[in-house]
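J.: any chance you can model this:
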Amino acid sequence: MPLVNISILSGKSADYVKAVGDGINAAVIETMGFPPDDRYQIIHQLDSEQLQLQDRDGDRVIMHLVMRAGRSSESKQAFYKKAVENLAANPGIPPENVMITISENHDIDWSFRDGLAQFVVAPD
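T.: Numbering: from 1, shown residues only. Okay, here's the model as predicted:
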């Protein structure tokens, strides 16, 4: 269930984009205990001038996860490690070219549809 904004370089194949999304999603599920069907990703493709990661060249990814507060430091560190491993294995992004940030919020900060805060139980 985190909302994951993923930025990669433009011009990548559909297989590359899928590998990035799948690798990040697998890392989230494995390390943070989210259900397998909780996949909310926005994948942006940007020119190299628009995706700057200090002086690093080549394939790179910057991702920002927004999620409900409560995950431990250990699970976040496990996610960082697993996400980098997955992206290195497929599609081959060097670990030093992966940047990850996480922002946390609260139950009331989510509405998945119908104008309702699904995590907040309204009184009858």
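
J.: going by C-alpha atoms from here, please, whenever you check contacts or count neighbours.
T.: Will do.

J.: contacts for the lengthiest helix in the chain?
T.: Taking DSSP state H as the criterion, the chain has its longest helix at helix 14-32. Residues from elsewhere that reach helix 14-32 (C-alpha atoms under 8 Å, 6 or more residues apart in numbering): 34-36, 39, 41, 43, 71, 75-76, 78-79, 82-83, 86-87, 90-91.

J.: one more: stretch 50-58?
T.: Contacts for stretch 50-58 (C-alpha under 8 Å, 6+ apart): Ser7, Ile8, Leu9, Arg60, Asn97.

J.: ok, and the closest non-adjacent residue to Ala88?
T.: Excluding the flanking residues, the one nearest Ala88 by C-alpha to C-alpha, 6 or more residues apart in numbering is Pro94, at 5.6 Å.

J.: just list the residues touching that neighbour, thanks.
T.: Asp59, Arg60, Leu87, Ala88.

J.: name all residues that make contact with the residue nearest to the second one when sequence neighbours are not counted.
T.: When the adjacent residues along the chain are set aside, Arg60 lies closest to Asn97, with 4.7 Å between them (C-alpha to C-alpha, 6+ apart). Asn97 is in contact with Leu53, Arg56, Asp57, Asp59, Arg60, Val61, counting by C-alpha under 8 Å, 6+ apart.
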